[in-house]
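S.K.: Model the following, please.
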Amino acid sequence: MDPPEHTRYRKLLTGQFSVPRMRQLEPRIGRIVDDHLDSLVQQGKPADLVTGFALPVPSLVICELLGVDYADRGRFQSYAQTLFSTLVSPQDKNTARLGLVTYLRELIQRKRATPDDALISGLTAELDDEELANVALLLL
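M.R.: Next comes the predicted model:
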């Protein structure tokens with residue numbers, strides 16, 4: 001993406017990633033990390049760091065950032081895991097992408113109706129649904 005489009009997105013997103021906002025997320029991110037590390041310890045040796053930590057933690061942090069409802073996180077993670085897996089067919093990846101985009105559009109509509117402190121809510125006045133879904137996918 002080139003200016004001026006890139007400049008517009010960068011300006012909008014920079015405001016969403018302020019130091020105070022990131023500090024606000026620290027306790028929730030810390031809880032996610034601690035829970036997954038504790039789970040790895042409880043499972044005993046050998047531990048699968050990729051499955052038990054490296055895959056779920058980043059997508060859960062993105063869930064926090066975007067404002068994905070707790071009840072929807074399993075669905076979100078399933079789509080993300082399939083989308084980024086090297087072990088699934090292109091057709092399955094496409095199905096997961098379509099499912100994720102559909103979910104993101106639903107989430108965007110909920111955030112427009114009932115804004116909160118999530119990134120999507122902070123951008124609803126500036127971006128249309130398609131742009132918001134693309135930003136969410138880019139962050140993921």
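S.K.: switch to C-alpha atoms for all contacts and neighbour counts from now on
M.R.: Noted.
S.K.: residues touching the residue sitting nearest the centre point of the chain, list them.
M.R.: What sits nearest the mean C-alpha location of the chain, by C-alpha atoms, centre = their mean, is I62, with 2.8 Å. Counting by C-alpha atoms under 8 Å, 6 or more residues apart in numbering, I62 touches 139-140.
S.K.: 7 Å - rerun?
M.R.: By C-alpha atoms under 7 Å, 6 or more residues apart in numbering, the residues touching I62 are L140.
S.K.: Secondary structure element for it, which one?
M.R.: Using DSSP states H and E, I62 maps to helix 56-66.
S.K.: Tell me the buried residues in that helix?
M.R.: By neighbour count on 16 or more other C-alpha atoms under 10 Å, the buried set for helix 56-66 is 56-66.
S.K.: do stretch 80-100 as well
M.R.: For stretch 80-100, a neighbour-count test (16+ other C-alpha under 10 Å) marks 80-83, 93, 96-97, 99-100 as buried.
S.K.: Let's see the distance spanning that stretch from one end to the other.
M.R.: 8 Å (C-alpha to C-alpha, to the nearest Å).
S.K.: what's the distance between it and the middle of its chain?
M.R.: For stretch 80-100, the separation from the chain centroid amounts to 15 Å (computed by C-alpha atoms, centre = their mean, to the nearest Å).
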